[in-house]
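J.: When you get a sec, could you give me coordinates for this:
(one chain, ligands or ions: 1)
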Amino acid sequence: MNTTPSVIIAQATHSHEAGIAAFLLRNDCDAVRRNFHPFPLNSTTAHEIVNAPRNEFFLVACSNETVVGIAMLRGRSQGYTIPSFGILVDHSARGRGVGRLLLRAALRSAATWDCAFVRLTVFEDNIVALHFYSTYGFAEHSRSTEATDWGPRVKIVMLRPTSLPIP
Ligand SMILES: CC(C)(COP(=O)(O)OP(=O)(O)OC[C@H]1O[C@@H](n2cnc3c(N)ncnc32)[C@H](O)[C@@H]1OP(=O)(O)O)[C@@H](O)C(=O)NCCC(=O)NCCS
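T.: Numbering: from 1, shown residues only. Coordinates of the predicted model:
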């Protein structure tokens, strides 16, 4: 696998709003929405991300000033004790380690919070993400079948103890 040493991971701030909006709009297609649908992929969402409450955590991956990925740990502002992880890497930047950088940075932050686990949901047929998460210590907690625009699909909830070392 190639690596992308020029990628910088940072917490999302107002200065990233236009870049996040462009990133979301570039990725607003069925192939992405099929696996990633926590929110609409548009400029309103970009505005909400950079104005999110402090306990909702958004990271951006930037390469040459272009946003090539985002990751999030959400749920604490709604009172959930276990934050939910989500991640999206630009199609053109995949397979170069951006996802790994974002996941590691999110896990490092979660390890400093007062939470025992990080959770996520992933569809069973999202093989790349499922494998990726497994290699970082996420384990299946439960599964259910969900009606989606692409027919019934199995959704898996995975948990990872924050006490696990980050590979
Ligand atoms: C899942 C996702 C975030 C991975 O991001 P990425 O930047 O491509 O991942 P990386 O290059 O950091 O690789 C991470 C791991 O993914 C796996 N991987 C990446 N691309 C792969 C591919 N094309 N085929 C198989 N495995 C692949 C590898 O296991 C790799 O780890 P390793 O080589 O160190 O063992 C990215 O594919 C994505 O954004 N997918 C669409 C959105 C999505 O499904 N999000 C998750 C919803 S739960």
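J.: Please enumerate the strands of the chain.
T.: In the chain, the strands defined using DSSP state E lie at 7-11, 57-63, 66-74, 84-89, 117-123, 139-148, 151-161.
J.: and the fourth one with strand 117-123, angle?
T.: Spelled out, that is strand 84-89. With axes from the mean of the first three to the mean of the last three CA atoms, to 10 degrees defining the directions, strand 84-89 sits at 50 degrees from strand 117-123.
J.: what packs against strand 84-89?
T.: Packing partners of strand 84-89 (3 or more CB pairs under 8 Å, 6 or more residues apart in numbering; DSSP states H and E): strand 66-74, helix 98-110, strand 117-123. Quick note: C-beta positions are derived from backbone N, CA and C, even for glycine.
J.: tell me what the longest one is packed against?
T.: Contacts of helix 98-110 with other secondary structure elements, assessed using 3+ CB pairs under 8 Å, 6+ apart, are made with strand 7-11, strand 57-63, strand 66-74, strand 84-89, strand 117-123, helix 127-135.
J.: Go again with 10 Å.
T.: Packing contacts for helix 98-110, counted by 3 or more CB pairs under 10 Å, 6 or more residues apart in numbering; DSSP states H and E, involve strand 7-11, strand 57-63, strand 66-74, strand 84-89, strand 117-123, helix 127-135, strand 151-161.
J.: starting at the chain centroid, how far to that helix?
T.: Here the centre of helix 98-110 is set off from its chain's centre by 9 Å, with CA atoms, centre = their mean, to the nearest Å.
J.: in that helix, what counts as buried?
T.: 98-107, 109-110 (16 or more other CB atoms under 10 Å).
J.: from these, which is closest to the ligand?
T.: Comparing these against the ligand with CB to the nearest ligand atom picks out residue 99 as the nearest, at 2.5 Å.
J.: my guess is the closest one meets residue 59, correct?
T.: No - Residue 99 is beyond contact range of residue 59, at 11.4 Å (criterion: CB atoms under 10 Å).
J.: Pull up the overlap in contacts between those two.
T.: Residues touching both residue 99 and residue 59 comprise 69, 71, 87, with contact defined as CB atoms under 10 Å, 6 or more residues apart in numbering.
J.: among those residues, who's most crowded?
T.: residue 71 (26 neighbours; other CB atoms under 10 Å).
J.: Does that one touch residue 9 like I think?
T.: Yes - between residue 71 and residue 9 there is a contact at 8.4 Å, judged by CB under 10 Å.
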